[in-house]
Structures are given as C-alpha cells and as structure tokens.
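Enquirer: Just the structure for this:
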Amino acid sequence: MNENKKLKEMIRISSEFSTIKDIDILLERILSEARNMVNADAGTIYTKEDALLHFSHAQNNTLQERLPKGEKLLYKSFSIMIDEYSIAGYVASTGEILNIPDVSKISEDCPYSFDPEFDKKADYKTVSMLAVPLRFETEDIIGVLQIINAKDESGRVIPFSEDDVLFIRHFASTASIAMKNARMTRTLLLRMIHMAELRDPKETGAHVNRVAAYSVEIYERWAVEKGIDRGEIDTNRDLLRMAAMLHDVGKVAISDTILKKPAKLTKDEFEVMKTHTTLGAELFFDKESRFDEVASNIALSHHENWNGTGYPLHPQKEDISIFGRIVSVADVYDALSSKRVYKDAWKEEDVLAEIRKMSGIKFDPEVVDAFFRSLDVIRALSEKYPDK
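Expert: Below is the predicted model of the structure:
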C-alpha cells in the first residue's frame, strides 16, 4: 500500500472508529485494520488492567485458512505481567515501540525474549514483529498492539519497514482515542448493570458480558448464513454487544421482596416479575438512536417464546425481534451453566440437551442451529468473563 493510499485509509479508519461504541468490537476492528495497513499475516492485542496485560484478541490468516469455512480460531484467555521480560510487557512498561526483524534472533543483551510455545502448538512460525504501545496522548499505557509477519507482494515474510513504524505509530494514537471513548461507554453500561446487581444478585457484570458476547457470536453465524451484508453485520454486532448487556435492566424497578425471595414466586408475584420486560423497554422509549431501538427490542422480547407463549406480548414467531430471539438462547445457556445461590450449575450435556429440546418451542430453531455451530467459540468466551 503506497503512502497516499495509507493516508486515505487512516482518514477512513479514524472516521469509522468513532462510530464503534463497544470496546470488544472495537479491539477486534483495531487489530484487523492495523494488520491490513502493513500487510501483516497475524497479530494480537492486549489491554491493561491494573498491573497486568490481558490478552484480548488474536488474528492469524495462515491458521484461519486451515479451518473449514465459517469456523473461527479459538484462543484461551490469559494475562501476563507488565515487566521487561516479555515483548508485550516490555512495551507496556517502557512505552517504547519494538520493531523486531526476526524474533528468533533477539540479542541476549535484550531483557525481553520471545516465547515460542504458541508457535509450537499451532505449527506456526513467527518471524517479524512490530509491538506498539496504545496510549491516549501523555496518559498511561492502556494496551499493546502486536503485529506479526509482514509480507511482501509475493507473500514472503519480511521485516517491518520504518514507514510501517511511522504509520502504525499514528494508527495507535487514533486507536487509543477510540478505545478511551469505548471504555467510557462500557463503564456507563456496567454502572447501570451494577444498579441491577444491587437489586438482583443474578444480574452480575460477568453474566451480562457473557450473554452479550455469546449473542454476538450467534448473531454473526446466523447473519452470515442468511447472506446479510458484511457492513450491516458489523454495525449490528456493535449495537447487539452493548444492548444485550441491558436485557434485564428493567429489574431495577421490581420490588426486593420479589427479586430476592428465596422461594418460588407466587402467581401474582410472577406477574409482577414479568413487568421487568416492559419496564426495561420503557427506559428506551424516547428513541434517539438505533441503539435505543435495539436495546428496547431486546428488553421487551427476550422472554417471548417461539411457540407464542412467553411474555409480555405473545407476538407471532417471526415478529419477535431477531436480537431478542438470540439473547433468549444466550441468556438461558448462561443461566443454566452458572452456579447461583439457589442452584448448582448444570452439567453442560444437560444444558445442551435442554436447549435442543426447547428448539421450536421456546427458541427459534435457526437461532438454536447457529448457537450449536458457534459452541466452540462460546465455550472459549465463557473463560474470558469468569464469575468472581
């Protein structure tokens, strides 16, 4: 990509980043755009939390091409210390950019080294690496971007050039601003969730993050198979990731005597509990954006059933919001899979059997199919947001 084209791409990226509100969707996009900018085969992105770097996303064209069409690479969540011994840790602790032509030839005088463990397991060879700190102006480091294996036009792995460093340095500044804004949005959402959590202990930050993450994966699988335009899919993933977190926000208006009752609810109490759907939807009644529309639809429809039962409106099956249909499956999967004060977690085989049994009754069969085709990714995501 020549310099003029790169500058035009930078302007486009800056504009598009400003429209992405969810931090997880944004991080995925940052990584893919950075790789595209310098024609890199792979990359990883870490976010800083306290004294640790948390692995957030990874992409790898070579490994992706080995998978069947529609499948995704699976990565385990992990954290590393912010110190000078790892490449990412060094960048986070010093704020320096590292442009390493060949990670197997790092000088013994350097404090950091490359860990080849992943390469061995994945049958991959990391050679060139560009590691860049993510920071907002002069503020502390908020993450590290690692771009791996630059390629020339013939596909041969080459070192990253000084021009690559220049562009990625500017790119990282743009990305960091977008990350700061998206983090603020996530913080505001989690504060709303915390209000619900104070009322209902089941409504935890980990639970809503898992439900939202699962919902995005199910939606993407469903939408791709429906032939929906990629741009529309990406926009909806961003909206769904945030809105799904608020699926039960209406519970803030339900009495503690009902929310925290240790026994089964009476018929009258359950009728009151059902109103959390309409109360949640009413929070977004004065709709000013597409997000308000999606959040309202999810809050209202995630307890509707495919066979016309459920609550609160009993619409025809096709009239139930697709986002509500998806969140319904994700919510039930997580609720049954999680330990609560009033129940133990179900065995996974029992959870999956229940979801299969309820296909066509409680759940849209197409959404159930998309759920099962996304199951490996969903299992991996569950580790990213553990209950505390």
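
Enquirer: and the lengthiest helix in the chain, which residues are buried?
Expert: If you go by DSSP state H, the chain has its longest helix at helix 162-199. By 16 or more other CB atoms under 10 Å, the buried positions in helix 162-199 come out as 164-165, 167-168, 171-172, 174-176, 178-182, 185-186, 189, 193, 196-197, 199. C-beta: built from backbone N, CA, C; applies to glycine.

Enquirer: Compute the mean per-residue pLDDT across that helix, please.
Expert: For helix 162-199, mean pLDDT is 88.

Enquirer: Check which element follows that helix along the chain.
Expert: Going down the chain from helix 162-199, the next helix or strand is helix 205-226, by DSSP states H and E.

Enquirer: Output the contacting helices and strands for that following helix.
Expert: Judged by 3 or more CB pairs under 8 Å, 6 or more residues apart in numbering; DSSP states H and E, the packing partners of helix 205-226 are helix 23-37, helix 162-199, helix 230-243, helix 322-337, helix 365-373, helix 375-382.

Enquirer: and Tyr112, backbone torsions?
Expert: Backbone torsions for Tyr112, taken as degrees, to the nearest 10, come to phi -100, psi 160.

Enquirer: now Asp119
Expert: Given degrees, to the nearest 10, the pair of backbone angles that Asp119 has is phi -60, psi -40.

Enquirer: What's the local residue count around it?
Expert: Asp119 has 14 neighbours, counted by other CB atoms under 10 Å.

Enquirer: Quick check: Asp115 is in a helix.
Expert: No. Counting by DSSP: H, G, I helix; E, B strand; the rest coil, Asp115 is not found in a helix; it is coil.

Enquirer: Contacts only, for the closest residue to Ser161 other than its chain neighbours.
Expert: Nearest residue to Ser161, sequence neighbours excluded (CB to CB, 6 or more residues apart in numbering): Ala150, at 7.7 Å. For Ala150, the contact set (CB atoms under 8 Å, 6 or more residues apart in numbering) comprises Val38, Asn39, Ala40, Asp41, Ser128, Leu130, Val157, Ile158, Pro159, Phe160, Ser161, Asp164.

Enquirer: Output the helices and strands packed on helix 205-226 in TSV; the columns should cover distance to Val351.
Expert: TSV is the format used below for the helices and strands packed on helix 205-226 (distance: least, CB to CB, whole Å):
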stretch	distance to Val351
helix 23-37	24
helix 162-199	23
helix 230-243	22
helix 322-337	5
helix 365-373	11
helix 375-382	11
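
Enquirer: out of the ones you listed, which comes closest to Glu139?
Expert: Set against Glu139 and scored by CB to CB, these come closest in helix 162-199, at 8.3 Å.

Enquirer: What helices and strands are in contact with the closest one?
Expert: In this structure, helix 162-199 makes packing contacts with helix 3-17, helix 23-37, strand 98-100, strand 129-135, strand 141-151, helix 205-226, helix 230-243, judged by 3+ CB pairs under 8 Å, 6+ apart.

Enquirer: For those, give me CSV that also has mean pLDDT and distance to Pro68.
Expert: Shown next, in CSV, are the helices and strands packed on helix 162-199 (pLDDT from 0 to 100; distance: least, CB to CB, whole Å):
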stretch, mean pLDDT, distance to Pro68
helix 3-17, 80, 30
helix 23-37, 95, 21
strand 98-100, 98, 33
strand 129-135, 96, 29
strand 141-151, 97, 23
helix 205-226, 95, 13
helix 230-243, 96, 19
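
Enquirer: Which one, of these, ends up nearest to Phe78?
Expert: Of all these, strand 141-151 sits nearest to Phe78, with 13.9 Å by CB to CB.

Enquirer: ok, the closest one: who's next to it in the sheet?
Expert: Strand 141-151 sits in its sheet next to strand 40-49 (antiparallel), strand 129-135 (antiparallel), strand 157-158 (antiparallel), going by DSSP bridges.

Enquirer: how close does Lys76 get to Ile82?
Expert: 20 Å (CB to CB, to the nearest Å).
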